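J.: kindly return the folded structure for what I paste below:
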Amino acid sequence: MMNEWYTEFIRVNLNAQPPPPPPIPQSVPMVPQGIDLERRNRLLVEKIRKHGAEEFRANKDDDPERAEFWLENTIRVFDEQSCTSEECLKCAISLLRDSAYYRWKTLVSLVPHEMVTWEFFQEEFRNKYISERFMDQKHKEFLNLKQGCMTIAEYEREFIRLSKYARECVSSEAKMHRRFEDGLNEDIRLSMGVLELKEFVVLVDQACKAEELIKEKKKTEVETRDARKRHASKSFPSQSKKSRDTYSRSHTSIGCLYRDCKKQDLDFKSRATSMASVDNVRSSKPECQHCGRNHFGKCRMKDGSCFWCSSQDHFIKDCPKMIDKEKFQGTRPSGTNSKGRLQKNV
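T.: Numbering: from 1, shown residues only. Predicted structure coming up:
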């Protein structure tokens, strides 16, 4: 039975081609595992640099804020590329340069190999380049932060930047909301207090709108005040000119009055000086025991002589010399007074 079946199979498949032999496997060159790993690490480093990772060089005058920014930026790039902890450590070490790299090599030579992890790198980097004093300073800056001259957008940006140094103050949205609102300027803070907002994002948005309204109000007030000034200057030009003339005349009058007062003061001083000199002369004359006056020579009241010409024949009222003097004064022109000034016509 088996022979018949085989004979029939051969007869039917006489023209069929036999199946090809299986292919001979070719030898593949083996790549050392270390070389392949090094190539993959190099490609990964080039990739993270293209996405914003930068080298870090330590200097004497290093700014702690710059070091902190480098670490945070590097962590962000690693997270975007979904790097493992081992890849993060190797890439971070490859970004160190100069003294920063030498310090790391010295550090890892002093600790067990199993302790050298990505978390260990971050902790040691912070201890070296981001001091505790710097952290305390930023914490105080956040606690004292006020809007002041900043816009709402600038204040929000500074608030978010410094809030990472005081996590306990923004541990919940309610605390963050209250801290931000307390730092606003008074006019905006009063507007926000009336609204009783709960969400931080809504608070910032409403504060920006209130800020714009206040700016528009102040701008309108300034324009209105300037318009009133221009209208007043156009409506009363003559009055302003009159006030300027009055001001000029008043200052001229004050100047003349000052000169007159100064002249009177000088005249008074000269008269006082002359009177003082007369008093000095008088005080130098001896006092008469008969008439009580100060004079030299014999007393005319005692011997009854004329006080004008010293004659004992008559008194001063009958003195001929006094009569001649009065006649001479009476013959003066009528247009002049006793001081030689012209009299005014009445």
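
J.: in the protein, which helix or strand is least confident?
T.: When the helices and strands of the chain are compared on mean pLDDT, DSSP states H and E, helix 237-284 comes out lowest with a mean of 54.

J.: next helix or strand past it?
T.: Going down the chain from helix 237-284, the next helix or strand is helix 300-303, by DSSP states H and E.

J.: may I see the buried residues of that next one?
T.: Neighbour-count burial for helix 300-303 flags residue 300 (criterion: 16 or more other Cβ atoms under 10 Å). Where you see a C-beta, it was placed from the backbone N, CA and C, and this is true even at glycine.

J.: just the helices in the stretch 101-250 of the chain please.
T.: 118-129, 132-143, 152-163, 173-182, 186-195, 200-235, 237-284 (DSSP state H, counting those that start in this stretch).

J.: what does the first one contact?
T.: With contacts defined as Cβ atoms under 8 Å, 6 or more residues apart in numbering, helix 118-129 is touched by 58, 62, 64, 67-68, 71, 75, 85-86, 88-89, 92-93, 103-104, 107, 111.

J.: what angle do it and helix 132-143 make?
T.: Interaxial angle, helix 118-129 versus helix 132-143 (axes from the mean of the first three to the mean of the last three Cα atoms, to 10 degrees): 90 degrees.

J.: what's the answer for the fourth one, then?
T.: Interaxial angle of helix 173-182 relative to helix 132-143 (the same axes, to 10 degrees): 70 degrees.

J.: same thing with the fifth one?
T.: In this structure, helix 186-195 runs at an angle of 70 degrees to helix 132-143, with the same axes, to 10 degrees as the basis.

J.: average pLDDT for helix 186-195?
T.: Averaging pLDDT along helix 186-195 gives 86.

J.: of the contacts of helix 118-129, select the buried ones using a ChimeraX command.
T.: The following ChimeraX line selects those of those that are buried, judged by 16+ other Cβ under 10 Å:
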select :58,64,67,68,71,75,88,89,92,93,103,104
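
J.: the nearest residue to residue 305 once chain neighbours are set aside: how many residues sit nearby?
T.: Excluding the flanking residues, the one nearest residue 305 by Cβ to Cβ, 6 or more residues apart in numbering is residue 312, at 4.6 Å. Neighbour count for residue 312, taken as other Cβ atoms under 10 Å: 10.

J.: swap in residue 138?
T.: Neighbourhood size, residue 138 [other Cβ under 10 Å]: 19.

J.: distance of it from residue 147?
T.: Distance, residue 138 to residue 147, by Cβ to Cβ, to the nearest Å: 18 Å.

J.: what are the phi and psi values at residue 96?
T.: Here the main-chain torsion angles of residue 96 (degrees, to the nearest 10) amount to phi -80, psi 140.

J.: who does it bridge with?
T.: Beta-bridge partners of residue 96, counted by DSSP bridges, are residue 56.

J.: pretty sure it contacts residue 45?
T.: No - checked against Cβ atoms under 8 Å, the pair residue 96 and residue 45 is beyond contact range at 11.9 Å.

J.: identify the contacts common to these two.
T.: By Cβ under 8 Å, 6+ apart, no residue touches both residue 96 and residue 45.

J.: for residue 321, which non-adjacent residue is spatially closest?
T.: Nearest non-adjacent residue to residue 321, counting by Cβ to Cβ, 6+ apart: residue 309, 5.3 Å away.

J.: isn't that neighbour up against residue 319?
T.: Yes - taking contacts as Cβ under 8 Å, residue 309 lies within contact range of residue 319: 5.6 Å.

J.: which of the two has more neighbours?
T.: When residue 309 and residue 319 are compared on other Cβ under 10 Å, the one with more neighbours turns out to be residue 319, at 18 against 13.
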